[in-house]
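J.: got a sequence here, can you model it:
(2 chains)
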Amino acid sequence: MARAVQEVVYIDGVRTPFGKAGSVYRETRADDLVVKSIRGLLRRNPALPAERIDDVAIAATTQTGDQGMTIGRSAAMLAGLPRSVPGYSIDRMCAGAMTAVTTLSAGVMAGAYDIVLAGGVEHMTRHPMGEGMDPNPRYLSERLVDPEALVMGQTAENLHDRFPHLTKDRADAFAVGSQDKTEKAYANGRIQPDLVPIAVRSSADGWGLVSVDEMPRPGTSMEGLAHLKTPFRPHGRVTAGNSSGLTDGATACLLASETAADELGLRKRMRMVAFAFAGVEPEVMGVGPVPSTVKALQRAGMTIDDIDLFEINEAFAVQVLAFLDHFGIADDDPRVNPMGGAIAVGHPLASSGIRLMQYLARDFEANPDARFGITTMCIGLGMGGTVIWESLDHAGSAS
Amino acid sequence: MSEQASTAAGTLPDEVVTHARMRLVDLPHNAGTFALITLDNDRDHTRPSTFGMAGLASLDAAIDAALDVPGLVGVGVTGKPFVFAVGADLSAVGMVTDRSQILQVAQLGHNVFRRLGELDVPTFAFVNGAAMGGGLELALHCTYRSVSADAAAISLPEVFLGLIPGWGGTWLLPNLIGPGKAMEVIVSNAMAQNKQLRPKQARDLGIFDLLLEPADFLEQSLLWAAAVITGQSTVDRPEIDRSGWAATVAGARAVLDARIHGATPAPYVALGLIAGAADRSRDEGFEAEDNALADLVMGDDLRASLYAFDLVQKRAKRPVGVPDTSLARPVTKVGIVGAGLMASQLALLFAKRLQVPVVMTDLDDERVARGLDYVAADIDASVSKGRMSADKGNRLKALVTGSTDKGAFAGADFVIEAVFENLAVKQQVFAELEGYVSPTCILATNTSSLSVTAMSAGLQHPERVVGFHFFNPVAVMPLLEIARAEATDDATLATAFAVGKQLKKSCVLVKDAPAFVVNRLLTRFLGEITRAIDEGTDFRVADQALDPLGLPMSPLVLLQLVGPAVAFHVSETLHEAFPDRFYVSPNLRRLVEAGLGAVYAWDDTGQPYVDPKVSALFEQGSTTLTAAEVRERAVDALAQEARLMLDEGVVADPADIDLCMLTGAGWPFALGGLTPYLDRCGAAERVTGRRFLPAGVASLPAAAG
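T.: Below you'll find the model as predicted:
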């Protein structure tokens, strides 16, 4: 059988508002966050018959309890998708949702799927980082990795050590920029359209509704950040202000073969150009996006100069700075995270990859001149992931 | 907060308070600030939220707090998971001795609930779960209503309990959906064993404006509220037909009369209020409800109903005097001796509920095949109606097998006989069974009147014999009388009760005494009716004499249902045991010998008339009694028999007699089953010199007035 490679297009994505761990979603189940995202996504794409979805992949870092039970399948059933639609679970820590997208897309490319639904969730209240972790003793006995490599904040401090010119001041300034850009994007109503409101119960206060991200701190200043504690190291550089907080939230998106999207009349927003994952030393996992981006660009036959927009996950400001520094991009380059990022809205680990794609799709929509963009993120245990996208809102794109 | 609410709060010390918790919500689409009130009694769904005085005060305060919010665009009310609210807290009603107390509760409920219909902003009920009684009334007060497709129970059950929906229901509902549909909900459904509405039915009736899927019910409800408030969405309700309002209610009243003959006040009071809702103002309508509620609460019918409800809800689930469940032996295979109609019904029930192999035996292949066909046909019907999956149907059908060889019972843990009601036959069956089953296999008998002890006499292991008496139709009637014979051991009894529970029956422990409880009482009572007819009273006068009790059917219709032959046989058995009290009617014997199945025939319009063949057959005397005289005889006989049963230890407590009559004979809640009525009408004192229950247990307390 001759195998025709299919083009993959990104159709649409939504997410729950992100909440601070231990706060608004304290009594809300993780699977319910996924279910409501899926329903919100399908509700605004009525042209897509649900039975046409060929597979559902949902990422979660801690796959137990309400994030377990093969959450891709269980959330699909709970969301009311037809029983004929299968599902599975994905884990690549922070890049879970990104991996759900790339893995499903690979299936589309190979002709195994036409339409797929990817998502991610991390309820860091119900599943604190490291829950149930049981590292092999060989990590220590053979000195495979520094024990600090398992604590993400330590790895960020390690990055400051490796690149002394990436100072705390530069990290704080980037963080202030993230808050400012988020505030502006909210004021312009650019973030809200992709949020699915979530009804939340508090046994003490009754039902409420979460419609916006909880964590942004508009008006953050350098002075305000200057004296925050450095929890990972005395006199360190990494603070709650220049890193993403512990977050609860879920994301979901639809991808399709270009043929299926055309057949159903679904709006095609972006075409997947290439993707790559790469490994680095776990102690400096934050540099992961550098080699993964190099690799993806190589595979696409492109250079960094071809990229018009960057959505890079802001796990830590220093990790974004390390990426920008490597490629010679200014800390405040307007092409980078134009609507802000995880430092302001939060980083519910396995969900964030799709949040980046939603933002990039909105960036493309607002910048018809932009043709190519990347979504990239660092990943625990020393990895990076990168997806290169082509805007289908761009005049020159062949769609 | 209204002054009334603040002074009333805390007057019921045992109230499980439903808190009304208000949170402000920014509605989607910039629709503005909305007050969302959650009703929550801080218990899980097994203790649904109810309203007492403190709960009403809390709701009142939450509404006050909402009104303090500047720029408020609307108020919504929803419930804790799975429950919206299920109405008034009735637990303290039995303690109410003063009409003014109940009047105060009725008025407070109105005063608080009606605020939701009279604010300057629109109000919304987001009915996320069970909404019964006052809970549904609260929703009716709101301007708009949504309902979740998984809401487990939606009803106004008050009439079922001997009350009326007295917090606005009888005025609001007919004015919302019309008197005909309102009567269906308030009267017909309540009187049909408290039938619940499904959410879709309730929406189709017009009770709700919007039906939503459960997965994101509250989110979509709030989105809808935002759309309604901003005018993006409008709520269209069909105009109700107000012509013929009085005639519609009068028609329903005639149907009710034909059915319960004025036996109990609540449904009539409800009809009166619905009729009045046509012209009464809101104030007048609510005031009429206050008074009606107070009158009913100060009546014995309601007290008896609440007592009966408690028996059915609690005592039926925790039978009294049963050995420890740990003694019960597992039942992994069931045998049924016989393949007739009763046996086939039993096979079906055991297979469905226990989901273990069930073997039926009978004398020849044809009878066995008929029994198996009955079972298969019933299962196939369930499958074709979509009530059971085809796989489940296959599973159940494969479980039920038949044989003409009792050797098929080998390995059974529980064998029940349903053969001809003849002691010698049953003794022989049991003796034969001992050759095939293990010494611990339960041998149960479905006899309705024979001695279980006599049946087990001469067996190697009489300790495993137990009476297991079902009521017809087996699938419908909840009661199972479990009779302990002289030799029955605790393990056998515990197993019998465990099986009964798995069969989802209300099990009552009875002594092995002739006809146990229900058949003994019904036979005694039927005997008084037939005796009156035999002496010369007109068929119809005698048969209608009991109408004021509101029984599910008249004595002669009951006779037809049971079958004259069976009824006659039981009367003979009981006459043998108690010749002074149990009457054997020569006319009934003639009816049986003539092979007639009923006294009545029915004309083309469905009206019964005495079959001329029957009147020709009956030889009547010349003593005619009035209906009141017949009734007194029958009721006095019941009082005597019930007291004797307690004296003989057939059951331990009058409550067990009542539970049996409620679940085995379908006698009304308003009678409390039986003994509260016997106390109330004076028969107990007249015949036995004492009451069955102290005043206040199932009747007004002595101090009430």
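J.: show me which helix runs longest in the chain.
T.: Answering for chain A, as no chain was given. helix A:168-187 (DSSP state H).
J.: let's do chain B instead
T.: From DSSP H, the single longest helix across chain B is helix B:627-648.
J.: alpha carbons of that helix, in PDB - could you do that?
T.: In PDB, the C-alpha atoms belonging to helix B:627-648 read as follows (Å, rounded to 0.1, in the frame of the first residue of the first chain):
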ATOM      1  CA  ALA B 627     -73.000   0.000  55.400                       C
ATOM      2  CA  ALA B 628     -72.000   1.500  58.800                       C
ATOM      3  CA  GLU B 629     -73.000  -1.700  60.500                       C
ATOM      4  CA  VAL B 630     -71.000  -3.800  58.100                       C
ATOM      5  CA  ARG B 631     -68.000  -1.500  58.500                       C
ATOM      6  CA  GLU B 632     -68.200  -1.700  62.300                       C
ATOM      7  CA  ARG B 633     -68.300  -5.500  62.200                       C
ATOM      8  CA  ALA B 634     -65.300  -5.700  59.800                       C
ATOM      9  CA  VAL B 635     -63.300  -3.100  61.600                       C
ATOM     10  CA  ASP B 636     -64.000  -4.600  65.000                       C
ATOM     11  CA  ALA B 637     -63.000  -8.000  63.700                       C
ATOM     12  CA  LEU B 638     -59.700  -6.600  62.500                       C
ATOM     13  CA  ALA B 639     -59.100  -5.000  65.900                       C
ATOM     14  CA  GLN B 640     -59.800  -8.300  67.600                       C
ATOM     15  CA  GLU B 641     -57.600 -10.300  65.300                       C
ATOM     16  CA  ALA B 642     -54.700  -7.800  65.400                       C
ATOM     17  CA  ARG B 643     -54.700  -7.900  69.200                       C
ATOM     18  CA  LEU B 644     -54.800 -11.700  69.200                       C
ATOM     19  CA  MET B 645     -51.900 -11.800  66.800                       C
ATOM     20  CA  LEU B 646     -49.800  -9.700  69.100                       C
ATOM     21  CA  ASP B 647     -50.900 -11.700  72.100                       C
ATOM     22  CA  GLU B 648     -49.900 -14.900  70.300                       C
END
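J.: quickly check: the longest helix of chain A near chain B or not.
T.: No: judged by C-beta under 8 Å from any C-beta of the partner chain, helix A:168-187 stays clear of chain B, getting no closer than 13.2 Å. To be clear about C-beta, it is placed using only N, CA and C from the backbone, and glycine gets the same treatment.
J.: report the rounded mean pLDDT for that helix.
T.: In this model, helix A:168-187 carries a mean pLDDT of 98.
J.: ditto for stretch B:576-589
T.: pLDDT averaged over stretch B:576-589 gives 96.
J.: with just CA atoms, put it into PDB.
T.: Output in PDB follows, covering the C-alpha atoms of stretch B:576-589 (Å, rounded to 0.1, in the frame of the first residue of the first chain):
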ATOM      1  CA  GLU B 576     -60.000 -25.000  61.200                       C
ATOM      2  CA  ALA B 577     -57.500 -23.200  63.400                       C
ATOM      3  CA  PHE B 578     -59.900 -20.600  64.800                       C
ATOM      4  CA  PRO B 579     -63.400 -21.900  64.300                       C
ATOM      5  CA  ASP B 580     -65.000 -19.200  66.400                       C
ATOM      6  CA  ARG B 581     -63.800 -16.300  64.400                       C
ATOM      7  CA  PHE B 582     -63.200 -17.400  60.800                       C
ATOM      8  CA  TYR B 583     -66.200 -17.700  58.700                       C
ATOM      9  CA  VAL B 584     -66.500 -20.200  55.800                       C
ATOM     10  CA  SER B 585     -69.200 -18.900  53.500                       C
ATOM     11  CA  PRO B 586     -71.400 -21.500  51.800                       C
ATOM     12  CA  ASN B 587     -72.100 -19.000  49.100                       C
ATOM     13  CA  LEU B 588     -68.400 -18.700  48.400                       C
ATOM     14  CA  ARG B 589     -68.200 -22.500  48.200                       C
END
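J.: tell me which element residue A:321 falls in.
T.: Residue A:321 is located in helix A:317-327, with elements delineated by DSSP states H and E.
J.: may I have that helix as CSV, with CA atoms only?
T.: Coordinates of each C-alpha in helix A:317-327 appear next as CSV, following Å, rounded to 0.1, in the frame of the first residue of the first chain:
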residue,chain,number,x,y,z
ALA,A,317,12.7,33.5,33.5
VAL,A,318,16.3,32.4,33.4
GLN,A,319,15.4,29.5,31.2
VAL,A,320,13.7,31.8,28.6
LEU,A,321,16.7,34.1,28.8
ALA,A,322,19.1,31.2,28.2
PHE,A,323,17.2,30.3,25.0
LEU,A,324,17.0,33.9,23.8
ASP,A,325,20.7,34.5,24.6
HIS,A,326,21.7,31.4,22.6
PHE,A,327,19.9,32.6,19.5
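J.: distance check, residue B:142 against chain A.
T.: Separation of residue B:142 from chain A (C-beta to the nearest C-beta, to the nearest Å): 16 Å.
J.: and the closest residue to chain A within the stretch 451-600 of chain B, helix, strand or coil?
T.: Proximity of the stretch 451-600 of chain B to chain A (C-beta to the nearest C-beta) peaks at residue B:504, 28.8 Å away. Classification of residue B:504 by DSSP: H, G, I helix; E, B strand; the rest coil places it in coil.
J.: state the pLDDT value of it.
T.: Value listed for residue B:504 in the pLDDT field: 96.
J.: I figured residue A:203 hits residue B:42, correct?
T.: Yes: with contacts counted by C-beta atoms under 8 Å, residue A:203 reaches residue B:42, the gap being 7.1 Å.
J.: return every residue with contacts to both of those two.
T.: By C-beta atoms under 8 Å, 6 or more residues apart in numbering or on different chains, residue A:203 and residue B:42 have no common neighbours.
J.: shouldn't residue B:38 be within a strand?
T.: Yes: counting by three-state DSSP, residue B:38 is found in a strand.
J.: is it in a bridge, and if so with what?
T.: residue B:21, residue B:78 (DSSP bridges).
J.: need the contact list for it.
T.: Per C-beta under 8 Å, 6+ apart, neighbours of residue B:38: A:201, A:205-207, B:20-21, B:23, B:77-80.
J.: can you pull out the low-pLDDT segments for the chain?
T.: Went with chain A since none was named. Scanning chain A for pLDDT under 70 picks out the ranges A:1, A:397-399.
J.: nope, chain B
T.: In chain B (pLDDT under 70), the answer is B:1-13, B:703-705.
J.: residue numbers of it in contact with chain A?
T.: B:21-23, B:25-28, B:36-38, B:40, B:42, B:78, B:80-81, B:213, B:215-216, B:218-219, B:222-223.
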